[in-house]
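*Asks:* Make a model of this:
(2 chains)
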2 protein chains.
Amino acid sequence: MFRNAMPRYEILSEDALATLDGGWRRLVSEIGVEFGSDRALELFRQAGQKVEDNVVRFDPDFLLEQVAKAPRSFDVQARNPANTVHIGDDAMAFGAVYGPPFVREGEVRRDAKMEDFRNFARLAQGFSVMDSAGGIVCEPEDTPLDSRHLDMTYALQTLTDKIYMGNVVSGENAQDTLRMTEILFGGRETIEKTPATISLINCNSPLRWDERMLEAQFEYSAAGQPVVLTPFILMGAMSPVTVPAALVQQIVEALSGIALSQLIRPGTPVIFGSFLSNINMQSGSPTFGTPESGLGLLCTGQIARRFGLPFRTGGGLTSSQVADAQAGYEALMTLLPTFLAGTNWVMHAAGWLEGGLVAGYEKFIVDIELVQMLRAEFTPLEIDEDSMAFGAHEEVGHGGHFLGAQHTMERFRTCFYRPLLSSSDNFERWKRNGLLDTNARAGTIYRKALDEYEPPPLDDAIREELEEYVIRRRAELGD
Amino acid sequence: MFRNAMPRYEILSEDALATLDGGWRRLVSEIGVEFGSDRALELFRQAGQKVEDNVVRFDPDFLLEQVAKAPRSFDVQARNPANTVHIGDDAMAFGAVYGPPFVREGEVRRDAKMEDFRNFARLAQGFSVMDSAGGIVCEPEDTPLDSRHLDMTYALQTLTDKIYMGNVVSGENAQDTLRMTEILFGGRETIEKTPATISLINCNSPLRWDERMLEAQFEYSAAGQPVVLTPFILMGAMSPVTVPAALVQQIVEALSGIALSQLIRPGTPVIFGSFLSNINMQSGSPTFGTPESGLGLLCTGQIARRFGLPFRTGGGLTSSQVADAQAGYEALMTLLPTFLAGTNWVMHAAGWLEGGLVAGYEKFIVDIELVQMLRAEFTPLEIDEDSMAFGAHEEVGHGGHFLGAQHTMERFRTCFYRPLLSSSDNFERWKRNGLLDTNARAGTIYRKALDEYEPPPLDDAIREELEEYVIRRRAELGD
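*Replies:* Just a heads-up that it's a prediction; the model follows:
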């Protein structure tokens, strides 16, 4: 996995941080946070916090005490140990797009099917820069709603040997994910020792946690599985229109969710989540890759580090309908700050299109190229005598060229990043090759990757046990 | 013009800088730099440097003494004083693409014509984020080669009221640019007091300055007009394949050129230039927006600041043939580091396509959007009580929305960047509007901008004098 050993780009002064500090303390204690779960409210009441109706008004220092119980970093194990990831410190892990009901391939945009889900899982398995296919790579509408989580989890467990995300639609779904994970990893004890799933718990921003997600959080945190407590903020709709207000709200929401996990099981791993962009104030539509989201992302990293928490933000976000210029620059407008901030857990790193409504096959390849390029760019230079290549200058002289120099010959295979998708063909060659733009070339690449996909080996007994579980549970759920 | 008040992203440690320092000192004193001009060699000889054949081996401290004579920052005046730019400090100024022999509009790629040149000048005039149309926005093949510089300079002077670049094909062309600039600004004294052109002097890397460019440099520096001394380095061809070697070579080339300007006229303004990318080692073709070029760019800023010099680097570079996803992400892969480095003079900021061989109309609009977005993103947040919007939370409450809140109503027009090109239309609306991708929408935007173009006012007497000069000189040049 990738370690980002480059400096962090931090843009908040100490004064600004102090102002934000005052802001979240006031918001959390005076306005408070609503929890749609009696169990959660009871835990907070027992812990001495002010609970009125469903709203908890927190002592800010109590929240910081809970935050301090969470680990600064932790591992999440994959069934192939080579794919186990570290979350926190300078580690960055990448998962595919999460949640789209539609897919796009070329000109066609349509409902996502289970075979699309499997295809995206295969693509995530095939590209080494992806640490995970994520969780809901797309919502397969051709599988029954009640038991869909079983099919998706089974696909992630069998088609990939990387880490995967847990289902969070309900507490029961979370239990199913945990049971299947126990089967795959050999029992509850193993996964409690080193967690094997990450789950996304979204806040219904502003300042409200809903019951179903909380029920899933109870399951995962009780099992010591990390949850990503994520304020879901489109500024102007779910938060005020100013970035500082969104940051303050984000702190309040994330810390209140993190505190709940620590009350459920002290020391259970958590991730400070952020999904922060803004709406277009003229149309009300969500926008991505915006200057404001970039600023918010950079600040989020700095804030999460201050709390000593691993954090999630970023991805290859875009509003574009197709993998065109806008998709390219908006994705990078999010991904480059993701690297500048040193984000630990990057969801939506590949395949996100159309504001997250669409999983794009071509866009997946565009994003793989971007993540690969950024991993190269965020690898520190080695600067020593040898790298300055004085001997090559002696060999080449003034106005010469270095293509045939000894120094070049020794390094030409690995000296520069080798693109997957980008073309530097000259015009004549490009024309001869069919005038293919980037979207068309990406189409060729994903189809080839699917053709070349090889399923990772899995013990037959485990596969059978997983299948039996899925069949039994599907029947119980009436599908 | 834009002031970048955000922090600089610096990635070189003091140790690394010390190693590079040793590197350029050795290279400049042991290998030296070739100058294709007897006047230049004579100046260096008189200044006590070792001259053998055409090669000057420098005392590094002599170079630093010359560098110290150059101003840390300076103004370049435009004929509309509102468009005068500052070069240096935290100022960033942006010029259009420079040099392409071809243009692309939509599906058509063809030789550039004088009317294309005028069109790009009009576009640069029309978008306020551009400080200059640059110099050779494209090479108009339908004008005679010997007098083309007169037509181009006249177009820049009359169709825009922004700063423009001087012609550098020869000393004589430079003299013509200077005479026409004197006419426009009211005499030599005025432009010697505050310069009115910037000129690009490229090194024939590695380590050679050619005669024609040097002749132009002599003219401009003698007139106190800033020159951008630019190592032109595609790593692997014009420098060794390692970034540190390219950085060392770049220092040697830039400082040797800067020293020449200071010998011609002590205190004349100069810009530390950088054009740094790499070739594809498999095909030999130039590549842009690469990880290595991004790293080189960030380092260049840090190095130029260390020498106390304003610097040039970056732009919206790409190898792509069309304004597609690759064009979008490669342009941003260069432009975002350009802002992180705080580049003072940004050439090729709009319109660059196909490795610089093509000026793209649609690409010009893509780049305008990127520069606009980045200017918004590199504007520091205001973080105070008001920006945290506590009152909006009191008004909206848990789970509510902020669209109608008082705090929102007061700010909705200006709170977020408003895109020029990017679309956040939902699928139905996008379909209704004709399924237009970003390239197609950019086409509509540049045609509208050309339709709406209004020439800036110019005194009739000055225009006549310029025309007379062009006519007389064209005749003298035999065209």
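*Asks:* and stretch A:264-282, what's its mean pLDDT?
*Replies:* Here stretch A:264-282 scores 97 as its mean pLDDT.
*Asks:* Would you mind measuring the gap between the ends of that stretch?
*Replies:* With C-alpha to C-alpha, to the nearest Å applied, stretch A:264-282 spans 43 Å between its terminal residues.
*Asks:* For that stretch, buried residues please.
*Replies:* For stretch A:264-282, the neighbour count (16 or more other C-beta atoms under 10 Å in any protein chain shown) marks A:264-265, A:268-281 as buried. C-beta: built from backbone N, CA, C; applies to glycine.
*Asks:* before we move on, what about stretch A:446-459?
*Replies:* Buried residues in stretch A:446-459 (16+ other C-beta under 10 Å): A:Tyr446, A:Ala449, A:Leu458.
*Asks:* nearest to B:Gly187, of these?
*Replies:* Nearest to B:Gly187 among the buried residues of stretch A:446-459: A:Tyr446, at 63.4 Å, using C-beta to C-beta.
*Asks:* right, and the closest one touches A:Val366 too?
*Replies:* No - judged on C-beta atoms under 8 Å, A:Tyr446 makes no contact with A:Val366 at a distance of 10.1 Å.
*Asks:* coming back round to it: including secondary structure and distance to chain B, could the buried residues of stretch A:446-459 go into TSV?
*Replies:* Shown next, in TSV, are those (DSSP: H, G, I helix; E, B strand; the rest coil; distance: C-beta to the nearest C-beta, whole Å):
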residue	secondary structure	distance to chain B
A:Tyr446	helix	14
A:Ala449	helix	17
A:Leu458	coil	36
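*Asks:* Do I have it right that A:Val346 meets A:Ile87?
*Replies:* No - under the criterion of C-beta under 8 Å, A:Val346 is not in contact with A:Ile87, lying 10.8 Å apart.
*Asks:* Mutual contacts of these two, please.
*Replies:* A:Ala93 (C-beta atoms under 8 Å, 6 or more residues apart in numbering or on different chains).
*Asks:* quick one: contacts for the residue in chain A positioned nearest to chain B?
*Replies:* For chain A, the residue closest to chain B is A:Gly328, as judged by C-beta to the nearest C-beta, at 3.2 Å. If a contact means C-beta under 8 Å, 6+ apart, then A:Gly328 has A:Val366, A:Thr438, B:Asp324, B:Ala325, B:Gln326, B:Ala327, B:Gly328, B:Tyr329, B:Leu332 as its contacts.
*Asks:* Excluding covalently adjacent residues, which one is nearest to it?
*Replies:* B:Gly328 (3.2 Å; C-beta to C-beta, 6 or more residues apart in numbering or on different chains).
*Asks:* which parts of the stretch 51-200 of chain A sit against chain B?
*Replies:* Residues of the stretch 51-200 of chain A found near chain B (C-beta under 8 Å from any C-beta of the partner chain) are A:Val55, A:Arg109.
*Asks:* re earlier: tell me the secondary structure for the residue of chain A closest to chain B?
*Replies:* helix (DSSP: H, G, I helix; E, B strand; the rest coil).
*Asks:* what about the stretch 151-300 of chain A, any weak spots by pLDDT?
*Replies:* For the stretch 151-300 of chain A, no stretch has pLDDT under 70.
*Asks:* May I have stretch A:69-87 as CSV, with CA atoms only?
*Replies:* Taking C-alpha atoms only, stretch A:69-87 is exported to CSV below (Å, rounded to 0.1, in the frame of the first residue of the first chain):
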residue,chain,number,x,y,z
LYS,A,69,-9.6,6.4,23.5
ALA,A,70,-9.6,5.7,19.7
PRO,A,71,-6.4,4.3,18.2
ARG,A,72,-4.4,6.8,16.1
SER,A,73,-3.9,4.1,13.5
PHE,A,74,-4.8,0.4,13.0
ASP,A,75,-4.6,-2.4,10.4
VAL,A,76,-7.5,-3.9,8.4
GLN,A,77,-6.7,-7.4,7.3
ALA,A,78,-7.4,-8.7,3.9
ARG,A,79,-7.7,-12.5,3.2
ASN,A,80,-4.6,-12.1,1.1
PRO,A,81,-2.2,-10.8,3.8
ALA,A,82,-0.3,-8.9,1.1
ASN,A,83,-3.4,-6.7,0.7
THR,A,84,-3.8,-5.9,4.4
VAL,A,85,-3.9,-2.1,4.8
HIS,A,86,-2.8,0.3,7.5
ILE,A,87,-5.2,3.1,8.3
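*Asks:* and it, which residues are buried?
*Replies:* So for stretch A:69-87, counting by 16+ other C-beta under 10 Å, buried means A:69-71, A:74-79, A:83-87.
*Asks:* Equivalent analysis for stretch A:397-405, please.
*Replies:* For stretch A:397-405, by 16+ other C-beta under 10 Å, it's A:His398, A:Gly399, A:Gly400, A:His401, A:Phe402, A:Leu403, A:Ala405.
*Asks:* One more: stretch A:171-190?
*Replies:* Within stretch A:171-190, the residues that count as buried by 16+ other C-beta under 10 Å are A:171-178, A:180-185.
*Asks:* Show me the beta-bridge partners of the nearest residue to A:Thr230 once chain neighbours are set aside.
*Replies:* Once flanking residues are discounted, A:Thr230 sits nearest to A:Gly273: 2.8 Å by C-beta to C-beta, 6+ apart. Bridge pairing for A:Gly273 (DSSP bridges) gives the partners A:Arg312.
*Asks:* Could you do the one 4 residues further on as well?
*Replies:* A:Ser277 has the following beta-bridge partners by DSSP bridges: A:Leu234.
*Asks:* how near is it to A:Leu295?
*Replies:* 11 Å (C-beta to C-beta, to the nearest Å).
*Asks:* And for A:Val248?
*Replies:* Taking C-beta to C-beta, one finds A:Val248 at 14 Å from A:Leu295.
*Asks:* go on, A:Ser205?
*Replies:* Taking C-beta to C-beta, one finds A:Ser205 at 18 Å from A:Leu295.
*Asks:* buried set for stretch A:304-322?
*Replies:* Buried, per 16+ other C-beta under 10 Å, within stretch A:304-322: A:304-305, A:307, A:309-322.
*Asks:* Out of those, which sit inside strands?
*Replies:* A:Phe311, A:Arg312 (DSSP state E).
*Asks:* so where's the longest helix in chain A?
*Replies:* Counting by DSSP state H, the longest helix found in chain A is helix A:243-264.
*Asks:* That one: how far from the chain's middle?
*Replies:* 18 Å (C-alpha atoms, centre = their mean, to the nearest Å).
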